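Novice: Provided below for reference: sequence and predicted model.
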Amino acid sequence: MRIGIDAASIVGDKGGVGWHTYHLLRSLLALDEQVEYVGYLRPGSLQAGRLAGWPVHDRLRWVETPRWLMPCRGVWDTLDLYHGPNFKMHTTGRSGGIVTIHDLWLARHPEYSRKLLGQAGSSRRAIATANRARRVVTVSEFSAREIEALYGIPRERVVVIHNGVTEEFSPVQDEQGMDALRARWAIPSAGFILFVGGADPRKNHRVFLQAVAQSRSQLGGRAILLVGDAEHPQGSYLATARSLGLEQDVRCTGRLNREDLRRLYSSADVFVFPSLYEGFGMPVLEAMACGAPTITSSTSSLPEVAGDAAVLVNPEDAEALGAAMVKVLSELALRQQLRDRGFARARLFTWQQAALRTSALYRELCA
């Protein structure tokens, strides 16, 4: 069986889809199966070690190809099936193709589209792709319901395969490394509250900072660490902090490498992820796997991912979010309970399990 997979997103600055594709493909190759993979990359991707660290594997062949040639590649490379893990299906194999749709944020909220002509054209193309695909894969039951409701795809054609959390996200005791981060951002001895996501309106930093401002006197002098891009066409960490009088409390770290992020998860007094909409919500599992007591939203996919291992709050209610932070920070027993439940919850989501379910789907469709 030969499977083609769009691997373009694993090259360079990987976003959420890039890390999903990276871990899924590595985990598929780790399975003891007689399956060949063809990973399609943009021209130039193999130059100058851009895939450095990727293991050489006799069941994986990289192919650089321009986008306009992709429709022919399924025949040229004698694929049995093609998998587009990034919302698009550029070619097909003998048994057709499947597409992964991670979330429908912009279909649900087209007002946030950054495209010059809006989101309508992209949504039409996505619906056409979903209808052409043998199966639509998604990462949560919530997203499956969204695909059925907004795209009209029958539920029986949608397959839910949860993301996994890697072993690199685990508690780290690195005082020297953490001391360097404390010095870099002037983190006080009182500790810090962690927010990860960027200034994208979907990540909801405005309500988070409103909650901080309302509860400031009860947060024990802790710093507020905001991880991710600090500026967005529709939002700004610093502008929001200044408008609330929080500029002295807030530290904007920008994007971080995974090792520094792991250190922060492991040392945070509480991790707050009040996103308005998530197809899955990887930061919740990453934080839990590192032992961070977690507060997240009671909407979209987040209750499905967090289970009983996080405090769930209406993400549009700043007062309720502030009260949740104060409660977690003031109750040692609650923080320990959240840590214990978080470790157990994170262990339920593995990339090996995702790979096994994905491989089973390939075999089913190629039979």
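Specialist: Looks like it arrived, so ask away.

Novice: contact partners for residue 42?
Specialist: Contact analysis of residue 42 by C-beta atoms under 8 Å, 6 or more residues apart in numbering lists 8, 11, 64, 65, 66, 67. Just so you know, the C-beta spots here come from the backbone N, C-alpha and C atoms, and that holds for glycine as well.

Novice: do a quick rundown of the strands in the stretch 201-350 of the chain.
Specialist: 223-227, 231-232, 235-236, 250-254, 270-273, 294-297, 311-313 (DSSP state E, counting those that start in this stretch).

Novice: which of those sits closest to residue 84?
Specialist: Closest to residue 84 of the strands of the stretch 201-350 of the chain is strand 231-232 (C-beta to C-beta; 26.9 Å).

Novice: how far off centre is stretch 30-47?
Specialist: Its chain's C-alpha centre and that of stretch 30-47 lie 22 Å apart, by C-alpha atoms, centre = their mean, to the nearest Å.

Novice: now do the end-to-end distance for that stretch.
Specialist: End-to-end distance for stretch 30-47, by C-alpha to C-alpha, to the nearest Å: 25 Å.

Novice: swap in stretch 100-120?
Specialist: End-to-end distance of stretch 100-120 (C-alpha to C-alpha): 20 Å.

Novice: who wins on neighbours among the contacts of residue 42?
Specialist: residue 8 (22 neighbours; other C-beta atoms under 10 Å).

Novice: leaving out the residues flanking it, which one is nearest to that one?
Specialist: Once flanking residues are discounted, residue 8 sits nearest to residue 42: 5.2 Å by C-beta to C-beta, 6 or more residues apart in numbering.

Novice: go on, residue 346?
Specialist: Once flanking residues are discounted, residue 346 sits nearest to residue 289: 3.9 Å by C-beta to C-beta, 6+ apart.

Novice: my read: the one you found touches residue 172, true?
Specialist: No. The pair formed by residue 289 and residue 172 falls short of the contact definition of C-beta atoms under 8 Å, at 10.9 Å.

Novice: next one: the residue nearest to residue 155 when sequence neighbours are not counted from residue 358, what distance?
Specialist: Once flanking residues are discounted, residue 155 sits nearest to residue 148: 5.1 Å by C-beta to C-beta, 6+ apart. According to C-beta to C-beta, to the nearest Å, residue 148 and residue 358 sit 21 Å apart.

Novice: residue 24 now?
Specialist: 7 Å.

Novice: for residue 309, same thing?
Specialist: With distances taken as C-beta to C-beta, residue 309 is found 25 Å from residue 358.

Novice: residue ranges of each domain in the protein, please.
Specialist: 2-164+350-366, 175-346 (automatic domain parsing).

Novice: for the residue of the chain positioned farthest from its centre, give me its contacts.
Specialist: Distance from the C-alpha centroid of the chain peaks at residue 76, with 33.3 Å (C-alpha atoms, centre = their mean). Residues in contact with residue 76 (C-beta under 8 Å, 6+ apart): none are found.

Novice: quick one, grab the pLDDT at it.
Specialist: The model reports residue 76 with a pLDDT of 96.

Novice: more neighbours, residue 289 and residue 172?
Specialist: Counted by other C-beta under 10 Å, residue 289 and residue 172 do not tie: residue 289 has more neighbours, with 24 against 18.

Novice: pLDDT wise, what is that one at?
Specialist: pLDDT, residue 289: 97.

Novice: now it: how far from residue 167?
Specialist: Distance from residue 289 to residue 167, by C-beta to C-beta: 9 Å.

Novice: and which of the contacts of residue 42 is nearest residue 223?
Specialist: When the contacts of residue 42 are ranked by distance to residue 223 (C-beta to C-beta), residue 11 comes first, at 34.9 Å.

Novice: okay, now the residue nearest to residue 70 when sequence neighbours are not counted: neighbour count?
Specialist: Nearest non-adjacent residue to residue 70, counting by C-beta to C-beta, 6+ apart: residue 90, 3.8 Å away. Residue 90 has 22 neighbouring residues, counting by other C-beta under 10 Å.

Novice: how about residue 90, phi and psi?
Specialist: phi -80, psi -20 (degrees, to the nearest 10).

Novice: how about the helices in the stretch 251-367 of the chain?
Specialist: 258-267, 282-289, 302-306, 318-330, 332-346, 351-366 (DSSP state H, counting those that start in this stretch).

Novice: packing partners of the shortest one?
Specialist: Spelled out, that is helix 302-306. If you count contacts as 3 or more C-beta pairs under 8 Å, 6 or more residues apart in numbering; DSSP states H and E, helix 302-306 packs onto helix 282-289, strand 294-297, strand 311-313.

Novice: could these go into a markdown table alongside distance to residue 331?
Specialist: Below are the helices and strands packed on helix 302-306 laid out as a markdown table (distance: least, C-beta to C-beta, whole Å):
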| stretch | distance to residue 331 |
| --- | --- |
| helix 282-289 | 18 |
| strand 294-297 | 13 |
| strand 311-313 | 11 |
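
Novice: of all the ones you listed, which one is nearest residue 83?
Specialist: helix 282-289 (19.8 Å).

Novice: the closest one: how far from the chain's middle?
Specialist: 10 Å.

Novice: so what touches that helix?
Specialist: Contact with helix 282-289 is made by 16, 19, 163, 165, 169-170, 194, 196-197, 261-262, 265, 268, 271, 273, 294, 296, 302, 305-306, 309-310, 342-343, 345-346, 349, as judged by C-beta under 8 Å, 6+ apart.
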